[in-house]
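Give me a model of this one.
(chains A and B)
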Amino acid sequence: MGKILVVDDEELAREAIKLRLERDGHQVDTAASAAEAIEKIRKASYDVIITDMVMESENSGMEVLKAALLKDVLTEVIVLTAYGSVANAVECLKRGAYDYLEKNIPGVDVYDLLALKVERAMEHRSESLGLLKRFQAFQQPVAVHQEEALD
Amino acid sequence: MTLKAETQISLGQESYIYRLWSAISDTDALLAAILEESLEAVNATRGTISLVDYRTGELVTKFVAGAGWSEGMKELRFKLTGEPSNSISSYVAFTGKPYICHDVTKDPNYYPMFPDTRSELAIPLIGRGGRVLGVLNVESEKFNAFGENEARVLSALGSIAAFALSLAAYQSREKALIELGKELAATPDIENLLEKVTEVASQLLDADDCSLFLLDKSINRLILKASRGLLRPLVGKAVYRLGEGLTGWVAINGKPVRLNGVVGDPRWRGLYLELKPEEISAFMAVPVRGRNEVLGVLRVLRKKASPATPNYLFSDEDEELLFTLASQLGAALEREELQRRLFTMQHIAAVGELAARTAHMIGNKVFAMKGALKEVGARLSNLGLSESTQRLLSSMERALYDIETLLQDLRDFVKATQLNLQPVEIADLVRDLVQEYAQEFPHIEFELLLDDQEVWVRGDPEKLRSAISELLENSVHFLKEGDKITLRVAKSIWGGQKHIRLIVQDTGPGIPEKLKEQIFQPFFTTRSKGMGLGLAIVKGVIEAHGGTIEERGQEGEGAKFIITLPATEKSQGGEG
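Below you'll find the model as predicted:
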């Protein structure tokens, strides 16, 4: 199971997401602002970060995304959007976010949808990590080869 | 006297007149002075200047000079005809030609006034466009007192008089136009303004009636908006189709019409008459133009004093004047429309801003509540809840979803005016929608009336689609089994601008008269679902496309929505 950071300035939303994901067995940490989230990202490492788009500013989600990718480029970031911030979320996708989720889709259980997206993000991350390992493993002999050649 | 000497005298007198004129701003005083000079110049005993009253078809004596005039003779009126014994002056006014009478006792046209009169000379005062304004008449107690030379001298003096008369008329028109221009710019109430225009036009043009028809785009008809005479009770009711009658002809061709009477003109329909057709002496109509299209038609009429009276025609100057009035009005109407639209847009933008913020905040809270509710549900599910408790939980969840639907409405409303413009073929779009709805609502009959041609507009296909779909949704909501919805797409052109009209008509209960004003306002609804933004969004979308939407159905006969959009050539819509 993954280590997840939930960032939202709405306490009730933070708690609800935390509870939902904990039911799936994830280890969930929370932050109430982009600033707090960035602080936590520096100190700890997370598999998946779920962040609200609009908090202190219109672009809070983007700041969290940047901090997360700087720390670990394979961190999967899911951006939450309420009305009117979809355009910003799409911008986040272009900059490397894994996915985004609209908070208010009438008739859809968005918490289940979020849980599903987290599962997919975990898979994606482990695929990426696997790929990275293979790449590193592939690079290793090459490096040896080069040294041999230099000799 | 030699001819040369006489000419010098007359030139001397003319320059005297000019000096007089520069000192006298009063046209009446100037005309009186010209008459005095005329007597001296041609050695006449008496003289008159009479002016034509086209309204009554009479020549009215205005100025007299010389001895022997009694009060009763000073305001004499003569009928303006070529009949004999009707006075030499009125004969000259009728023919427009100078007239030398060597012996009045043998002249059939002579009308005896003074026993000592023997000969007469009369010349017409001719204004711009060849119209006879009046007659300068002199007489002598000698036979053969006047010849070609006298006629030439008198004509020179007469032309100054005619010029002075024209100028005076011009100045008064100019003054009235400037006044009206000021009023048009300052009058906030458009209805008053329309009235004012017809009033000023009748006054300035000496017309017996003036009517203003404005184009109602949604029904493609000209509707009487203001009138001063017999048509007054028909304001709002008298209607011409485009191309119908003279008025409709002017609207569709964007050109003025000026007629000598109306009977016999093939375009004349006589649908709405200020006067009986045979009583109409002259008819003139000009288009009221906006920047791109004809907005309406302004028409004036003059009445015949009697069947025998010559027609009192509108001159080139009259047409210019009416055209100027119509242009001023056109500019004022367009400004009004622009202001109204700007206000609506600003209003929508302000409401939109508020709505967007509110929706965002509420959306966040609702999201949190959904999560909490879900956790409660998850925890309680292990405890084996009763069915009624389960129902409570799910109805809470449904209520939250309903809130989200309302928020979505609000978002759509805010987004309505943000367009992604591209060429859109309306007929196709409507055809698709109708197919969709016909499948979904098999109990309702759908009728689609299309021209064979493609109709292109520059627009946002998604927004247009959802706007039309909202109309259908509205219709369907009120219809019963066997009811029918008709959609018609038609092209029309007026004043060079192409438009498309989409009419959505149903056989439902229709919209109550008292609600018609409100249906396009935000937050108006008679339905239990939704927040009543539907038609406000539709209107927002259509207006953002530079179009209009109106409801023109009769209560009890069904609703009828008419959308007008500016049409483009397919290629024109291509950029962007």
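
Where does A:Ala13 sit, in terms of helix or strand?
helix A:11-23 (DSSP states H and E).

Which secondary structure elements does that helix sit against?
Contact here means 3 or more Cβ pairs under 8 Å, 6 or more residues apart in numbering or on different chains; DSSP states H and E; on that basis helix A:11-23 packs against strand A:3-7, strand A:27-31, helix A:110-150, helix B:316-381. All C-beta spots, glycine's among them, are computed from the backbone N, C-alpha and C.

Format those as CSV; extra columns: distance to B:Pro310, mean neighbour count and mean pLDDT.
Shown next, in CSV, are the helices and strands packed on helix A:11-23 (distance: least, Cβ to Cβ, whole Å; neighbours: other Cβ atoms under 10 Å in any protein chain shown; pLDDT from 0 to 100):
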stretch, distance to B:Pro310, mean neighbour count, mean pLDDT
strand A:3-7, 92, 24, 97
strand A:27-31, 96, 19, 96
helix A:110-150, 86, 13, 82
helix B:316-381, 16, 17, 84
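
For A:Leu12, grab the count of nearby residues.
A:Leu12: 15 surrounding residues under other Cβ atoms under 10 Å in any protein chain shown.

So for it, what's the nearest residue that isn't a sequence neighbour?
Closest residue in space to A:Leu12, ignoring its immediate chain neighbours: B:Ala368 at 3.6 Å, by Cβ to Cβ, 6 or more residues apart in numbering or on different chains.

Equivalent analysis for B:Leu80, please.
B:Leu80 sits nearest to B:Gly57 (Cβ to Cβ, 6+ apart), 5.0 Å away.

Check B:Phe446 too.
Per Cβ to Cβ, 6+ apart, closest to B:Phe446 is B:Ala438, 4.5 Å.

Just the buried positions in the helix or strand containing the one you found, please.
Using DSSP H and E, B:Ala438 sits in helix B:426-440. Neighbour-count burial for helix B:426-440 flags B:Ile426, B:Ala427, B:Leu429, B:Val430, B:Leu433, B:Val434, B:Tyr437 (criterion: 16 or more other Cβ atoms under 10 Å in any protein chain shown).

Is the third one in contact with B:Ile468, as I believe?
Yep, that's B:Leu429 we're talking about. Yes. Using Cβ atoms under 8 Å, B:Leu429 is in contact with B:Ile468, at 7.3 Å.

quick one: contacts for B:Glu336?
For B:Glu336, the contacting residues are B:Ile190, by Cβ atoms under 8 Å, 6 or more residues apart in numbering or on different chains.

swap in A:Lys103?
A:Lys103 sits in contact with A:Ala13, A:Leu80, A:Thr81, A:Ala82, A:Val110, B:Gly363, B:Asn364, B:Val366, B:Phe367, where contact means Cβ under 8 Å, 6+ apart.

what do you get for B:Trp456?
Contacts of B:Trp456 (Cβ under 8 Å, 6+ apart): B:Pro423, B:Val424, B:Glu425, B:Ile426, B:Ala567, B:Thr568, B:Glu569, B:Lys570, B:Gln572, B:Gly573.

Among those residues, which one is most surrounded by other residues?
B:Ile426 (24 neighbours).

That one and B:Thr564 touch, don't they?
No. Judged on Cβ under 8 Å, B:Ile426 makes no contact with B:Thr564 at a distance of 11.5 Å.

buried set for stretch A:82-101?
So for stretch A:82-101, counting by 16+ other Cβ under 10 Å, buried means A:82-85, A:88-89, A:91-92, A:97-101.

Would you quantify the distance from B:Gly181 to B:Val200?
10 Å (Cβ to Cβ, to the nearest Å).

which one of these two has more residues nearby?
Using other Cβ under 10 Å, the more surrounded residue of B:Gly181 and B:Val200 is B:Val200, with 21 against 15.

Report pLDDT for that one.
pLDDT for B:Val200: 85.

what residues are up against it?
Contacts of B:Val200 by Cβ under 8 Å, 6+ apart are B:Ala176, B:Glu179, B:Leu180, B:Leu325.

Dump the C-alpha coordinates for the helix or strand harbouring it into CSV.
Using DSSP H and E, B:Val200 maps to helix B:190-204. Provided in CSV are the C-alpha atoms of helix B:190-204 (Å, rounded to 0.1, in the frame of the first residue of the first chain):
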residue,chain,number,x,y,z
ILE,B,190,-36.9,55.6,-27.2
GLU,B,191,-40.7,55.7,-27.5
ASN,B,192,-40.8,59.5,-27.1
LEU,B,193,-38.0,59.8,-29.5
LEU,B,194,-39.8,58.0,-32.2
GLU,B,195,-42.8,60.2,-31.7
LYS,B,196,-40.6,63.2,-31.9
VAL,B,197,-39.1,62.2,-35.2
THR,B,198,-42.5,61.8,-36.8
GLU,B,199,-43.6,65.1,-35.4
VAL,B,200,-40.5,66.9,-36.7
ALA,B,201,-40.7,65.2,-40.1
SER,B,202,-44.3,66.2,-40.6
GLN,B,203,-43.6,69.8,-39.6
LEU,B,204,-40.4,70.3,-41.6
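
helix or strand right after it?
strand B:209-216.

Check which helices and strands that following strand sits against.
helix B:190-204, strand B:221-227, helix B:245-253, strand B:294-303.

Let me have the ones you listed in JSON lines, extended by distance to A:Leu70.
What follows is the helices and strands packed on strand B:209-216, written out as JSON lines (distance: least, Cβ to Cβ, whole Å):
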{"stretch": "helix B:190-204", "distance to A:Leu70": "62"}
{"stretch": "strand B:221-227", "distance to A:Leu70": "67"}
{"stretch": "helix B:245-253", "distance to A:Leu70": "68"}
{"stretch": "strand B:294-303", "distance to A:Leu70": "62"}
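
Least confident of those, on average?
helix B:190-204 (a mean of 85).

okay, the angle between that one and strand B:209-216?
140 degrees (axes from the mean of the first three to the mean of the last three Cα atoms, to 10 degrees).

Give me the distance from helix B:190-204 to the chain's centre.
11 Å (Cα atoms, centre = their mean, to the nearest Å).

do the same with stretch B:425-438
36 Å.
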